[in-house]
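>>> Here is a sequence with its predicted model. Questions after.
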Amino acid sequence: MNDPNEMKAVMADLIARELKRLSKLADLVVYTLYDPDQPDDPVDYVLNDRAEIGGDIDLDVSFQFEGVALWYICRRDGDAFSAKKVLIQVRDGRFVHGQVGDFDGFWDEFPQYVAEDRWVQSAVLKGGVNDDARPYRDRPAAAAAE
C-alpha cells in the first residue's frame, strides 16, 4: 500500500468503525472539533446521550475536517464513569497526529473534565510525525538520522 490516499482511506475506515463500535456501548459521546490556532474554543460540539436518544448511539463519523477532533466515549457505572478519548488531527487532508487515552472519575465531574481538558492544547503543541508544518530537518528523527 504505497498510495497515501489509499492509506488514509484504510485508516479512516478502521478508526470510524472502532469509534462507532465503542459509541454503541456508551452512555455519552461528546465530540469536539478545534482549530489548532485557537485550541481553547471548539469550532463544533455535539453531545450524544443514550438516555435522550432512547437507544444505542449511532455515531456519524467523518474525517472531512481540518483541525483537531476529539471524541469522549463514556460509560456510567453508578456514581463513577470510565471513558476513552480519541484525538485525531488532520492538516491539508492528512492525518498528522492521533492519540487514545482512558480515564475514570466521578460522574458529576465528567462535564468539568471535558470542559477543562488540556489534552487538546498539549497534543496540538506537539505536532505529529506526519505534520509538515515543521520542516523535516527540524524534526528529532531527522536530526538523529544525519
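Noted; the coordinates are in hand. Numbers count the residues shown, from 1 in each chain.
>>> Show me what secondary structure element comes after the top helix by length along the chain.
The longest helix of the chain (DSSP state H) is helix 4-25. As assigned by DSSP states H and E, the chain's next helix or strand after helix 4-25 is strand 28-35.
>>> That next one packs against which elements?
With contacts defined as 3 or more C-beta pairs under 8 Å, 6 or more residues apart in numbering; DSSP states H and E, strand 28-35 has these neighbours: strand 38-49, strand 67-77, helix 110-115, helix 119-126. (C-beta placed from N, C-alpha, C; glycine too.)
>>> ok, residues contacting it?
23, 41-50, 57, 59, 65, 67-74, 76, 110, 114, 120, 124 (C-beta atoms under 8 Å, 6 or more residues apart in numbering).
>>> What of stretch 50-63?
12, 15-16, 19-20, 23-24, 26-29, 48, 69, 88, 90, 95.
>>> let's see 6 Å
A12, A16, L19, K20, S23, K24, A26, D27, V29, N48 (C-beta atoms under 6 Å, 6 or more residues apart in numbering).
>>> Would you check which pair of these lies furthest apart?
A12 and D27 (25.8 Å; C-beta to C-beta).
>>> where in the chain is pLDDT low?
1, 119-121, 123-146 (pLDDT under 70).
>>> okay, which residue is most central for this structure?
Nearest to the geometric centre of the chain sits L87, at 2.1 Å (C-alpha atoms, centre = their mean).
>>> Next up, phi/psi of the residue nearest to that residue when sequence neighbours are not counted, please.
Distance criterion C-beta to C-beta, 6 or more residues apart in numbering; nearest residue to L87, sequence neighbours excluded, is Q99 at 4.6 Å. Main-chain dihedrals, Q99, degrees, to the nearest 10: phi -150, psi 150.
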